[in-house]
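Asks: what's the 3D shape of this:
(one chain, ligands or ions: 2)
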Amino acid sequence: MMPPGARSRGVAVLGSTGSIGTTALRVIARQAGRFHVAALTAFANSSLLSEQVAATGPAYVGLVSPNGTMPPASWRIGASSLVEAATREDVDIVLNAVVGAAGLDATLAALEAGKRVALANKETLVVAGELAEAACARSGGEIVPVDSEHSAILQCLGRRDRADVARLIITASGGPFRTWTADAIGGATLADALCHPTWSMGRKITVDSATLANKALEVIEAHFLFGLPYERIEVVVHPQSIVHSMVEFVDGSVLAQMGVPSMELPVLYALTHPERVRDDGVPRFDPVAHSPLTFERVRLDDFPALRLGLEAGRNGGAAPAVFNAANERAVALFLEGKMQLADIAASMDDALARLGSMSGRDKQALLAADAAARAHVTARAERR
Ligand code: NAD
Ligand code: MG
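Replies: Ligands and ions are numbered 1, 2, ... in the order given. I've put the predicted structure just below:
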């Protein structure tokens with residue numbers, strides 16, 4: 001039940017037409033009265049966006065690229081609509097479900113405006129974790145993760161201080177190539193990579209989950225969210241995706257958060273944290289039906305994208321931004337059929353060797369590193 005007199009909180013859903021965006025709209029609809037949709041933005045899918053606008057009645061609608069369609073005159077057009085939506089007075093929570101570094105400005109602007117950012121867009125923290133931390137410290141804005149592993153860690157931490165934490169153990173499904181040999185992975189097709197065993201997600205993160213680049217992005221995300229050094233963040237393969245992650249405390253106790261693989265709960269929890277609310281739309285867990293739960297060491301040598309990303313995280317500066325941008329560009333080329341799977345990590349390796357020690361001093365420097373990495377990967381692919 002809502003406490004009497006409590007006001008409904010306005011949510012801006014950025015990237016509303018995607019996998020997380022559509023999940024978020026379902027979650028918000030079930031929590032009517034507690035939350036409402038104040039703003040929606042999407043990239044180019046204006047017909048789905050129209051349906052969402054009709055269903056949720058937001059005060060603000062933004063479309064980045066009309067793509068030959070004639071959107072209603074009341075919609076704002078262009079990339080600046082993300083920041084506009086994220087900084088509105090009637091928006092309490094910005095659910096950033098944009099894919100890629102394109103979500104960066106909106107996250108930073110929302111934090112500067114003192115908002116809660118329910119963050120699915122992990123690329124923001126990989127590109128500019130320090131800038132996001134500084135924005136929170138200046139303005140009182142906060143980031144609550146939507147990523148299931150980070151939501152699990154936040155839930156295990158409760159109100160405990162980070163001095164009580166020995167290490168974070170982030171689980172990885174292992175993706176479609178968990179049991180494949182390195183050679184077989186090198187020859188995998190787009191269809192193989194898009195066939196994720198436990199999660200249904202957008203295409204970019206699905207490819208990232210096949211190369212394990214996603215796990216590197218998540219380790220970097222955890223480093224910034226929870227303020228722990230990289231040597232205290234580990235990855236373990238857990239093929240069933242039931243244990244969403246674990247926290248080991250200094251006395252040796254390990255807490256895990258579990259549930260069926262579904263983003264309904266992490267999205268809901270990012271809105272309500274630190275409270276919990278009743279939600280019958282979150283699928284329930286049956287321990288017997290989901291047993292056994294197994295764990296394996298991660299095969300770092302066979303998944304170079306993970307190894308490179310962990311190194312980039314430890315090196316810091318602009319290296320994580322270069323890693324992320326090279327990955328984004330390479331995955332886009334792979335999705336267009338213009339690159340082999342093995343070339344994604346090779347592209348990142350090249351870009352990091354050439355550009356990984358660029359300065360990450362400020363946003364301008366990070367964006368320059370991002371642009372240089374994308375151009376480097378494009379040029380490398382054209383030479384082949
Ligand atoms: P998706 O491709 O399904 O959706 C992306 C959304 O962003 C769409 O609404 C699209 O219109 C919008 N968008 C794309 N490019 C844009 C741009 N340049 N400018 C503005 N908007 C743009 O992706 P997704 O799977 O929903 O993932 C979104 C984010 O959430 C990613 O950062 C991903 O890593 C993260 N995430 C996703 C899942 C999942 O289950 N899908 C889980 C954890 C984290
Ligand atoms: Mg995740």
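
Asks: these two touch, right, H196 and A172?
Replies: No - at 11.8 Å, H196 and A172 do not qualify as touching, with contact defined as Cβ atoms under 8 Å. From N, CA and C alone the C-beta is placed, and that goes for glycine too.

Asks: Neighbour count: the two, which is higher?
Replies: Neighbours per residue, other Cβ atoms under 10 Å: of H196 and A172, the larger number sits with A172, 24 against 18.

Asks: pretty sure the more buried one contacts H238?
Replies: Yes - with contacts defined as Cβ under 8 Å, A172 counts as touching H238 at a distance of 7.0 Å.

Asks: Please pull out the lowest mean pLDDT helix or strand from this protein.
Replies: Among the helical and strand segments of the chain, the one scoring lowest on mean pLDDT, DSSP states H and E is helix 182-186, with a mean of 92.

Asks: got the buried residues for it?
Replies: Applying a neighbour-count criterion of 16 or more other Cβ atoms under 10 Å, the buried positions in helix 182-186 are I185, G186.

Asks: Now do it: everything it contacts.
Replies: The list of residues contacting helix 182-186 from outside it, by Cβ atoms under 8 Å, 6 or more residues apart in numbering, reads F177, D301, D302, F303, Q340, L341, A342.

Asks: next structured bit after that helix?
Replies: Following the chain from helix 182-186 toward its C-terminal end, the next helix or strand by DSSP states H and E is helix 190-193.

Asks: Which SSE is immediately downstream of that following helix?
Replies: Tracing the chain past helix 190-193, the next element assigned as helix or strand by DSSP H and E is helix 203-211.

Asks: contacting residues around that following helix?
Replies: Contacts to helix 203-211, defined as Cβ under 8 Å, 6+ apart, come from residues 99-100, 173, 175-177, 188, 192-194, 196, 199, 201, 214, 217, 303, 305-306, 327-328, 331-332, 334-335, 341, 344-345.

Asks: let's see 7 Å
Replies: The contact list for helix 203-211, computed with Cβ atoms under 7 Å, 6 or more residues apart in numbering, reads 99-100, 173, 175-177, 193-194, 196, 199, 214, 217, 303, 305, 331, 334-335, 344-345.

Asks: Could you do stretch 322-333 as well?
Replies: Judged by Cβ under 7 Å, 6+ apart, the contacts made with stretch 322-333 from elsewhere in the structure are 100-101, 123, 126-127, 204, 207-208, 213, 217, 308-309, 312, 339, 343-344, 347-348, 351-352, 355-356, 358, 369-370, 373-374, 376-378, 381.

Asks: circling back: in ChimeraX, how would I select the buried members of the contacts of helix 203-211?
Replies: Below is the selection syntax for ChimeraX that covers the buried ones among these, with 16+ other Cβ under 10 Å defining burial:
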select :99,100,173,175,176,177,193,196,199,214,217,303,305,331,334,335,344,345
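
Asks: got the CA positions of the least confident helix or strand of the chain in CSV?
Replies: What follows is the C-alpha trace of helix 182-186 in CSV, where atoms were taken according to Å, rounded to 0.1, in the frame of the first residue of the first chain:
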residue,chain,number,x,y,z
ALA,A,182,38.4,-21.4,-28.7
ASP,A,183,38.6,-22.4,-32.4
ALA,A,184,34.9,-23.0,-32.6
ILE,A,185,34.2,-19.7,-31.0
GLY,A,186,36.4,-17.9,-33.6
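
Asks: can you tell me the residue of the stretch 51-200 of the chain closest to ligand 2?
Replies: Per Cβ to the ion, the residue of the stretch 51-200 of the chain with the smallest distance to ligand 2 is D147, at 4.2 Å.

Asks: Hmm, E218 and that residue touching each other?
Replies: Yes - in this structure, D147 sits in contact with E218. The criterion is Cβ atoms under 7 Å, and the distance is 6.3 Å.

Asks: shared neighbours, the two?
Replies: Where contact means Cβ under 7 Å, 6+ apart, the residues bridging D147 and E218 through contact with each are K122.

Asks: pLDDT of stretch 263-275, averaged?
Replies: Throughout stretch 263-275, pLDDT has a mean value of 98.

Asks: interface residues of the stretch 201-350 of the chain facing ligand 1?
Replies: Remark: the part of the stretch 201-350 of the chain in contact with ligand 1 comprises M201, G202, K204, I205, M263, using Cβ under 6 Å from any ligand atom.

Asks: For these, which two are the farthest from each other?
Replies: K204 and M263 (15.4 Å; Cβ to Cβ).

Asks: roughly how far is the longest helix seen in the chain from the heart of the chain?
Replies: Longest helix in the chain, counting residues (DSSP state H): helix 363-383. Using Cα atoms, centre = their mean, to the nearest Å, the distance from the centre of helix 363-383 to the centre of the chain it belongs to is 21 Å.

Asks: Which strands or helices does that helix pack on?
Replies: helix 123-139, helix 319-335, helix 342-355 (3 or more Cβ pairs under 7 Å, 6 or more residues apart in numbering; DSSP states H and E).

Asks: Show me what the first one is packed up against.
Replies: For helix 123-139, the packing partners by 3+ Cβ pairs under 7 Å, 6+ apart come out as helix 104-112, strand 142-145, helix 213-226, helix 319-335, helix 363-383.

Asks: Could you give the number of residues near the nearest residue to R354 once chain neighbours are set aside?
Replies: The shortest distance from R354 to any residue that is not its chain neighbour, by Cβ to Cβ, 6 or more residues apart in numbering, is 6.2 Å, and that residue is H376. By the criterion of other Cβ under 10 Å, H376 has 22 neighbours.
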